[in-house]
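Novice: Show me the folded form of this:
(chains A, B, C and D)
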There are 2 protein chains.
Amino acid sequence: MPDLIHDGDSAAAVSSLRSAVMLLGRRLKHQRVDESLSPTEMSVLGTLARCGSATPGELARKEHVQPPSMTRIVALLEAKGLVRLEPHPDDRRQKRVSRTEQAEAMLAESRSKRNAWLANLAEGLDEDEWETLRAAAPVLEKLAHL
Amino acid sequence: MPDLIHDGDSAAAVSSLRSAVMLLGRRLKHQRVDESLSPTEMSVLGTLARCGSATPGELARKEHVQPPSMTRIVALLEAKGLVRLEPHPDDRRQKRVSRTEQAEAMLAESRSKRNAWLANLAEGLDEDEWETLRAAAPVLEKLAHL
DNA sequence: TATTGTTATACTCTATAACTATA
DNA sequence: TATAGTTATAGAGTATAACAATA
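Specialist: Below is the predicted model of the structure:
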């Protein structure tokens, strides 16, 4: 494995990346479409958008909450019409949780709002800076998923 | 103002940046030194590291919490030896809150732990990718502060 | 007997309303 | 009279412990 990041410049870049990502992440999180959804409820919908469907237990593990908390979250999302619960085909103890069309529309609106906010912020950069960032976007995305 | 980001490629880059920053931000947030500090307590210490010192009211506004919540947070931080409270020089209603040496050490350790985690993650990139990200770091930092 | 999910209950964090002290 | 901070109390979100149903 190449040891890319142990010179001084790279250490500074790591530190700079870390603080920028954390601050920008916090600011993005505040751009919400639906104030009535808690961060975890929102995150569960995002997870379901990636996974298609999952059991309550799987969701609890992915969101780092305990099973009883997920029971409550799923019940709230179901009451809001954002997820659907079905019996598990193989195991009658489990359930399948999947998102509704309404949830997909809300997620799309949420992404769209945050994109618009970020694009507006990026107007404060000059063309070279934006070009640099545009080149880095796919790399940052790869890094985030490593 | 130049209209940099309204072509299709840039819209894709904005979306990619947004999701990468949010995911990476969430993952970084989980890298904690002290599990006994709530996110807001941690954030208050970070704010004090930037500002030097502040009144409880200023902290409440910066952290977007109500004054009574900040009263409690400051009291908890003081009990943990992480902030110091002093009378305000000009106004006897107010107080000055500043961080202790112990808080500075904790913040340094926290930054260091997150940097190490991120640097380790970055080992999964190849040299060109890392070079791209290193060039983008200062731009991302500028963007986060706009 | 182990696992999935739920119910009952307690704790943490934050908010609102009412109060005290100072400007 | 207005402002800074605190006290008292309530609500939202999550945790642990005990339980029911199924494997």
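Novice: so who does residue A:118 touch?
Specialist: A:28, B:14, B:17-18 (CB atoms under 8 Å, 6 or more residues apart in numbering or on different chains). (Each C-beta comes from the backbone N, C-alpha and C, glycine too.)
Novice: Which ones among those residues lie within helices?
Specialist: A:28, B:14, B:17-18 (DSSP state H).
Novice: Of the residues you listed, which pair is most distant in space?
Specialist: A:28 and B:14 (11.3 Å; CB to CB).
Novice: the more surrounded of those two?
Specialist: The neighbour comparison of residue A:28 against residue B:14 (other CB atoms under 10 Å in any protein chain shown) goes to residue B:14, with 25 against 21.
Novice: And the residue of chain A closest to chain B?
Specialist: residue A:25 (2.2 Å; CB to the nearest CB).
Novice: Get me the contact residues on chain A for DNA strand D.
Specialist: When proximity is defined by CB under 7 Å from any atom of the strand, chain A lies next to DNA strand D at A:38-40, A:64-66, A:68-69, A:72-73, A:76, A:91-93.
Novice: Could you give the secondary structure assignment for residue A:35?
Specialist: coil (DSSP: H, G, I helix; E, B strand; the rest coil).
Novice: which of the residues in the worst-scoring helix or strand of chain A on mean pLDDT are buried?
Specialist: The helix or strand of chain A with the poorest confidence is helix A:8-29; it has a mean of 87 (mean pLDDT, DSSP states H and E). Across helix A:8-29, burial judged by 16 or more other CB atoms under 10 Å in any protein chain shown covers A:10, A:13-28.
Novice: Which other helices and strands does the helix or strand just after that helix contact?
Specialist: Beyond helix A:8-29 on the C-terminal side, the first helix or strand identified by DSSP states H and E is helix A:39-51. Using 3 or more CB pairs under 8 Å, 6 or more residues apart in numbering or on different chains; DSSP states H and E as the contact test, the elements touching helix A:39-51 are helix A:56-63, helix A:67-79, strand A:83-87, strand A:95-99, helix A:101-122.
Novice: Export the last one to CSV, keeping only CA atoms.
Specialist: This file holds the C-alpha atoms of helix A:101-122, laid out as CSV (Å, rounded to 0.1, in the frame of the first residue of the first chain):
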residue,chain,number,x,y,z
GLU,A,101,-43.8,6.8,-3.7
GLN,A,102,-44.5,9.7,-1.3
ALA,A,103,-41.1,9.0,0.4
GLU,A,104,-39.3,9.0,-3.0
ALA,A,105,-40.9,12.3,-3.9
MET,A,106,-39.8,13.8,-0.6
LEU,A,107,-36.3,12.5,-0.9
ALA,A,108,-36.0,13.9,-4.4
GLU,A,109,-37.2,17.3,-3.2
SER,A,110,-34.8,17.2,-0.3
ARG,A,111,-31.8,16.4,-2.6
SER,A,112,-32.9,19.1,-4.9
LYS,A,113,-33.2,21.7,-2.2
ARG,A,114,-29.7,20.9,-0.8
ASN,A,115,-28.2,20.9,-4.3
ALA,A,116,-29.7,24.3,-5.0
TRP,A,117,-28.3,25.6,-1.7
LEU,A,118,-24.9,24.3,-2.4
ALA,A,119,-24.9,25.6,-6.0
ASN,A,120,-25.8,29.0,-4.7
LEU,A,121,-22.9,28.9,-2.2
ALA,A,122,-20.6,27.8,-5.0
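Novice: Not counting its own residues, what contacts the very next helix or strand once past it?
Specialist: Towards the C-terminus, the helix or strand next in line after helix A:101-122, according to DSSP H and E, is helix A:127-145. The contact list for helix A:127-145 (CB under 8 Å, 6+ apart) reads A:122, A:125, B:2, B:4-5, B:9-10, B:13, B:16-17, B:19-21, B:23-24, B:27, B:121-122, B:124-125, B:129, B:132-133, B:135-136, B:139-140, B:142-143.
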